[in-house]
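> With the input below, show me the fold.
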Amino acid sequence: MRTSVYIATSLDGFIARVNGDLDWLDEIEHPEGVDYGHGEFMASVDTLVMGRGTYDKVRSFDVEWPYEVPVVVLSSGTVDIPDDLADRVSATSLGPAELLTDLEGQGVSHVYLDGGLTISSFMRAKLVDQLIITTIPVLLGHGIPLFSGVGAQVDLELVGVESYDNGLVKSTYNVGRAPQEESP
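Residues are numbered from 1 along each chain as shown. Next up, the predicted model:
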């Protein structure tokens with residue numbers, strides 16, 4: 001099983017404003033027909049695992065549910081899943097290792113991780129294989145960080161960089177899973 005992160009950040013490392021707003025992403029000019037590799041990436045994904053906050057944010061968008069793959073929402077509480085999504089969305093309180101074991105038992109081979117807390121929890125558990133991070137040329141100053149308390153040094157291997165005319169830079173990293181000693 002392989003786990004990947006595909007996410008956009010501001011140049012200063014934030015995935016959203018402090019209040020969770022993503023308006024700064026709408027301000028980017030997107031050339032027609034350019035999806036930054038997202039379509040190809042999604043075609044390789046069997047299941048998307050996201051946190052409750054990300055799920056609620058996606059549900060708040062004034063668009064049809066954007067995911068065709070099954071979505072698992074991580075939450076310790078009750079998750080409101082409407083009837084029209086019940087065949088595509090489920091919720092669990094399992095931890096990262098237990099969830100991946102469960103998904104692998106279901107035949108899942110590629111998991112997409114989304115949401116800052118979810119990504120950080122899988123990073124702490126050393127269960128992320130690949131990071132695909134698109135850096136947006138904006139400094140937010142404050143916000144929700146992509147990485148929060150990953151626990152120790154994480155070694156990354158840069159395996160690809162793509163730049164776009166609108167200033168976006170997509171960097172792809174393989175993640176070293178070997179435990180690193182924490183600094184004092």
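
> Dead centre of the chain: give me the residue that sits there.
The geometric centre of the chain, computed from its C-alpha atoms, lies nearest to Asp114 (CA atoms, centre = their mean), at 2.4 Å.

> Who does that one form a beta bridge with?
Met50 (DSSP bridges).

> mind listing what it touches?
Val5, Tyr6, Ile7, Leu48, Val49, Met50, Gly51, Thr54 (CB atoms under 8 Å, 6 or more residues apart in numbering). C-betas here are computed from N, CA, C, even on glycine.

> Check Gly167 too.
Ile136, Pro137.

> Look up phi and psi at it.
phi 100, psi -10 (degrees, to the nearest 10).

> Tell me how far it lies from Ser10.
12 Å (CB to CB, to the nearest Å).

> got any residues that touch both of those two?
Ile136.

> What pairs with the host helix or strand of Glu157, parallel or antiparallel?
Using DSSP states H and E, Glu157 sits in strand 156-163. In the sheet containing strand 156-163, its partner strands are strand 169-175 (antiparallel), by DSSP bridges.

> can you tell me the average pLDDT over the partner strand?
When pLDDT is averaged over strand 169-175, the result is 96.

> what sits up against it?
By CB under 8 Å, 6+ apart, strand 169-175 touches 36-37, 123, 128-135, 154-164.

> buried residues in that strand?
Lys170, Ser171, Thr172, Tyr173, Val175 (16 or more other CB atoms under 10 Å).

> ok, which pair from the residues you listed is furthest apart?
Pairwise distances across those (CB to CB) peak at 16.1 Å, for the pair Lys170 and Val175.

> Okay, buried residues for the helix or strand bottoming out on mean pLDDT in the chain please.
Lowest by mean pLDDT, DSSP states H and E among the helices and strands of the chain is helix 23-26, with a mean of 91. By 16+ other CB under 10 Å, the buried positions in helix 23-26 come out as Trp24.

> The helix or strand following it packs against which elements?
Moving toward the C-terminus from helix 23-26, the next helix or strand (DSSP H and E) is helix 38-43. Secondary-structure packing of helix 38-43 (3 or more CB pairs under 8 Å, 6 or more residues apart in numbering; DSSP states H and E): strand 2-10.

> who does the next helix or strand after the strand it packs on pair up with?
The helix or strand immediately downstream of strand 2-10 is strand 14-16, counting by DSSP H and E. Partners of strand 14-16 in the sheet, by DSSP bridges, are strand 144-145 (antiparallel).
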